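>>> please work out how this folds:
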Amino acid sequence: MPVRFRLMSMRTACLAGAAALVLAAAAACSSGSGGTSASSSPSVQTSNSSIAASGPKAGGSLTVLEGKGFSGDWPLGFDPATNTTGSADQDYYNAVYGQLFELGDNGKLIYDLATGYKYSNGNKTVTINLRPGVKFSDGTPLTADVVAWNWTRDLESTCTCAAAWTVARTNPKVTTSAPAPGVIKVIDPTTIQVNLTVPDGAFINQMFDSIPNWIASETAFNKMGEKAFAKLPVGAGPFIMVSDSFSNQIVLKKNPTYWQASQGLPYLDNLTFKSVSGDEAAYEAMLAGEGQVYTDMSTPQLLTESAQHFDVLNQLGTSPYDLQLNTSVPPFNNPKARQAIYAMTNFAPILQKIFKNAYPVVQGFTGPGGICYQPKVAGYQGYDPTLAKQLVQQSGLDKATIQLGTISSSPVASETTQALSQEWAQFGVKTTLHTYNLNALIAAFIANGGKSWQSMIQTAGAYDPAGGVGVGFRFNSTSPFSGVHDPKLDSILSQAAASSDLGTRCPLYNQAAAYIAKNFYGPFYFSFAPANVSVKGVGGPGLTTPLPAVSVTPAILWENVYYNPSGS
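Purely as a prediction, here's the structure:
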């Protein structure tokens with residue numbers, strides 16, 4: 001019997017503040033990916049080499065700083081099937097493995113290691129064409145058999161970005177001509193087919209930051225063994241990993257056999273990722289010349305200071321923040337307690353004080369950088385202090401202590417939880433605040449069958465609501481990171497994901513957002529994408545030119561990144 005696997009991405013980055021949004025990106029993304037297209041599949045860009053600026057010079061080395069507690073931690077290495085922190089590590093995975101499909105500017109689909117795809121059989125069958133002639137950096141070919149081997153391992157993964165395909169754990173090398181439900185099927189050396197048991201029109205969009213998008217060398221894995229491979233993985237991406245000091249530093253060099261080598265890509269000769277303790281340490285390191293890029297800057301004051309010395313890129317958000325409520329445990333198994341949270345939470349002063357009103361307030365799980373964006377939701381309960389006082393007494397919240405948690409890697413995340421605690425105290429509600437690093441946060445969600453936490457400030461969205469840290473990640477019954485277990489909501493979300501037509505999908509997502517609001521499953525705050533900071537002379541998609549955020553942050557296209565210092 002086919003087994004259901006969830007495809008999710010743990011891109012739960014720190015609650016971040018930044019400077020003003022890039023207006024050009026706002027115009028481009030709202031028109032290009034905001035729901036006006038007839039299809040949920042992005043427009044196609046056949047080669048990512050066309051993204052690069054016309055003037056970059058090849059060569060040089062770049063050091064990228066990654067914040068500890070999130071992307072700066074990689075305790076288990078980089079075997080996609082055994083990774084546990086999901087797309088927090090996507091910078092490293094994309095550099096080493098490349099991707100089958102990339103999300104480009106204005107929501108364009110870029111064919112990287114794949115060259116095309118086709119939906120059929122009512123969106124139950126997805127056929128993917130692989131780029132012929134691609135080789136891994138060990139010289140072995142990337143074929144459909146190798147992809148099938150990867151995907152079979154991926155289906156067994158416990159990673160938060162494991163596959164959500166309705167397929168069985170069966171031998172993928174099926175040779176029958178007719179689609180076989182629940183089976184991964186190798187058609188020929190450059191064609192692979194996934195035959196699902198339920199429709200999934202968002203299948204390709206879900207690939208952008210998930211395990212199946214990263215293909216490892218089967219030969220290298222079998223030769224090296226799982227542990228050694230995880231430390232020094234072998235892929236077909238633009239770079240080769242030279243050394244890996246876990247959660248400290250990764251050194252990579254240009255892959256001479258990269259499929260776009262004849263086009264001069266990647267530009268960089270060397271790429272280094274270095275872990276730092278946080279925003280302040282990264283800012284000081286960049287001032288000292290110890291790094292040229294810092295990803296996911298989140299401290300507003302440091303962003304203001306950084307703009308005086310460096311290039312700061314802010315991008316349209318796709319992943320709104322919400323106060324996630326666990327409806328399976330007290331007090332939030334009581335609808336009146338959940339409504340009380342809505343009514344007594346006034347996020348406007350928090351947004352002004354901490355974030356300088358830099359981000360748009362939203363009432364649902366979509367953002368202006370993604371598809372099906374809906375800023376206002378019918379029936380959404382706003383701030384109402386009079387109603388809040390009544391509901392607090394009726395629900396017994398004045399006699400309870402609420403556990404409120406968030407990720408620990410950002411000072412502004414802590415500031416936000418403190419501000420909420422102070423607001424709620426005015427209504428007689430007590431709180432206990434908790435912060436977690438990424439691994440501890442994952443553990444907190446799954447402990448005791450998901451019944452050990454009460455409320456968390458988290459993200460709940462993605463470029464496509466069906467993928468990444470999408471709506472299902474926080475609101476679907478089958479997700480271990482959800483606070484909601486409602487079959488009716490599950491049905492609406494499944495119907496939305498089944499179609500490949502935005503004219504069908506977006507109204508269903510609007511319906512889901514209204515249903516969440518009606519049941520007070522979790523108030524939403526604002527949509528953001530964190531800023532990337534680069535020294536002068538650095539260029540590339542996601543660093544100095546906008547890309548849609550696949551979940552919270554964009555997947556930087558490292559093959560197109562260059563560094564031309566002044567005078568070089």
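
>>> which stretches in the stretch 301-450 of the chain count as strands?
Residue ranges of the strands in the stretch 301-450 of the chain, as given by DSSP state E, counting those that start in this stretch, are 311-313, 319-325, 401-407, 430-436.

>>> V552: which of those is closest?
strand 319-325 (4.5 Å; C-beta to C-beta). No exception for glycine: its C-beta is placed from N, CA and C like everyone else's.

>>> would you mind getting the angle between the closest one and strand 401-407?
For strand 319-325 against strand 401-407, the angle by axes from the mean of the first three to the mean of the last three C-alpha atoms, to 10 degrees is 150 degrees.

>>> could you dump the strands of the stretch 301-450 of the chain into JSON lines with mean pLDDT, distance to S527 and mean neighbour count added?
As requested, the strands of the stretch 301-450 of the chain are exported to JSON lines (pLDDT from 0 to 100; distance: least, C-beta to C-beta, whole Å; neighbours: other C-beta atoms under 10 Å):
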{"stretch": "strand 311-313", "mean pLDDT": "95", "distance to S527": "17", "mean neighbour count": "21"}
{"stretch": "strand 319-325", "mean pLDDT": "92", "distance to S527": "4", "mean neighbour count": "27"}
{"stretch": "strand 401-407", "mean pLDDT": "93", "distance to S527": "17", "mean neighbour count": "20"}
{"stretch": "strand 430-436", "mean pLDDT": "94", "distance to S527": "23", "mean neighbour count": "16"}
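
>>> please name whichever of the ones you listed is nearest to F524.
Comparing the strands of the stretch 301-450 of the chain by C-beta to C-beta, strand 319-325 comes nearest, at 4.5 Å.

>>> just the CA trace of the closest one, in PDB.
The C-alpha trace of strand 319-325 is given here as PDB (Å, rounded to 0.1, in the frame of the first residue of the first chain):
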ATOM      1  CA  SER A 319       6.700  33.500   4.300                       C
ATOM      2  CA  PRO A 320       4.600  35.500   6.800                       C
ATOM      3  CA  TYR A 321       5.200  35.100  10.500                       C
ATOM      4  CA  ASP A 322       2.400  33.800  12.600                       C
ATOM      5  CA  LEU A 323       1.900  33.000  16.200                       C
ATOM      6  CA  GLN A 324       1.500  29.200  15.900                       C
ATOM      7  CA  LEU A 325      -0.900  27.800  18.500                       C
END
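
>>> for it, which strands pair with it and how are they oriented?
Paired strands of strand 319-325, with direction, are strand 455-459 (antiparallel), strand 524-528 (antiparallel) (DSSP bridges).

>>> contacting residues for V194?
Counting by C-beta atoms under 8 Å, 6 or more residues apart in numbering, V194 touches 125-126, 128, 151, 165, 167, 184-185, 203.

>>> take these and keep only those in helices.
W151 (DSSP state H).

>>> closest one of the contacts of V194 to E305?
F203 (43.0 Å).

>>> dump the residue contacts of the closest one.
Here F203 is in contact with 119, 123, 126, 194, 196 (C-beta under 8 Å, 6+ apart).

>>> from S499, how far out is it?
11 Å (C-beta to C-beta, to the nearest Å).

>>> give me the common contacts of the two.
N123.

>>> columns mean pLDDT on top of the strands paired with strand 319-325, output as TSV?
As requested, those are exported to TSV (pLDDT from 0 to 100):
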stretch	mean pLDDT
strand 455-459	90
strand 524-528	87
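
>>> Serialize the ones you listed to JSON lines and add fields for distance to P375 and mean neighbour count.
Compiled in JSON lines, those are given as follows (distance: least, C-beta to C-beta, whole Å; neighbours: other C-beta atoms under 10 Å):
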{"stretch": "strand 455-459", "distance to P375": "17", "mean neighbour count": "24"}
{"stretch": "strand 524-528", "distance to P375": "9", "mean neighbour count": "26"}
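
>>> could you look up the SS state of Q193?
strand (DSSP: H, G, I helix; E, B strand; the rest coil).

>>> biggest helix in the protein, by residue count?
helix 502-518.

>>> any idea of the mean pLDDT in it?
The average pLDDT within helix 502-518 is 97.

>>> dump the contacts of V194 to a markdown table, plus pLDDT and distance to N439.
Compiled in a markdown table, the contacts of V194 are given as follows (pLDDT from 0 to 100; distance: C-beta to C-beta, whole Å):
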| residue | pLDDT | distance to N439 |
| --- | --- | --- |
| T125 | 94 | 37 |
| V126 | 95 | 32 |
| I128 | 98 | 32 |
| W151 | 93 | 26 |
| W165 | 83 | 26 |
| V167 | 78 | 29 |
| I184 | 91 | 30 |
| K185 | 93 | 36 |
| F203 | 94 | 29 |
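
>>> about what we covered before: now the strands of the stretch 301-450 of the chain in CSV, with distance to G55?
Conversion of the strands of the stretch 301-450 of the chain to CSV gives the following (distance: least, C-beta to C-beta, whole Å):
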stretch, distance to G55
strand 311-313, 15
strand 319-325, 33
strand 401-407, 38
strand 430-436, 44
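
>>> A549: which of the ones you listed is closest?
Of those, nearest to A549 by C-beta to C-beta is strand 319-325, at 6.5 Å.

>>> contacts for that closest one?
11, 15, 332, 338, 341, 345, 362, 364-367, 420, 454-462, 468-469, 474, 483, 520-529, 549, 551-552.

>>> all strands for the stretch 51-200 of the chain, in order.
Under DSSP E, counting those that start in this stretch, the stretch 51-200 of the chain gives strands at 61-67, 101-103, 109-111, 114-120, 125-130, 166-167, 183-188, 191-195.

>>> comparing the ones you listed by mean pLDDT, which bottoms out?
strand 166-167 (a mean of 78).

>>> just the CA atoms of stretch 561-568, as CSV, please.
Provided in CSV are the C-alpha atoms of stretch 561-568 (Å, rounded to 0.1, in the frame of the first residue of the first chain):
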residue,chain,number,x,y,z
VAL,A,561,28.0,34.7,-8.2
TYR,A,562,31.2,36.7,-8.8
TYR,A,563,33.6,38.9,-6.8
ASN,A,564,35.5,41.6,-8.6
PRO,A,565,37.3,43.7,-6.0
SER,A,566,37.9,47.3,-6.8
GLY,A,567,40.9,47.6,-9.1
SER,A,568,40.9,44.0,-10.2
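
>>> how about the residue nearest to G470 when sequence neighbours are not counted, what does it touch?
In this structure, G470 finds its nearest non-sequential neighbour in A462, 4.2 Å apart by C-beta to C-beta, 6 or more residues apart in numbering. Shown in contact with A462 (C-beta under 8 Å, 6+ apart): 9, 318-319, 370, 468-470, 549-551.

>>> farthest pair in those residues?
S9 and G370 (13.8 Å).

>>> looking at the two, which one has more neighbours?
Remark: of S9 and G370, G370 carries more neighbours, 32 against 27, as counted by other C-beta atoms under 10 Å.

>>> next one: the spatially closest residue to D464 that is not a sequence neighbour from A513, what distance?
Nearest residue to D464, sequence neighbours excluded (C-beta to C-beta, 6+ apart): N205, at 3.7 Å. N205 sits 18 Å away from A513, going by C-beta to C-beta.

>>> for N222, grab the count of nearby residues.
Neighbour tally, N222, other C-beta under 10 Å: 11.

>>> how far off centre is stretch 446-456?
22 Å (C-alpha atoms, centre = their mean, to the nearest Å).

>>> give the buried residues for stretch 492-505.
For stretch 492-505, a neighbour-count test (16 or more other C-beta atoms under 10 Å) marks 492-500, 502, 505 as buried.

>>> redo the strands paired with strand 319-325 as JSON lines? Include distance to S61.
Below are those laid out as JSON lines (distance: least, C-beta to C-beta, whole Å):
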{"stretch": "strand 455-459", "distance to S61": "33"}
{"stretch": "strand 524-528", "distance to S61": "31"}
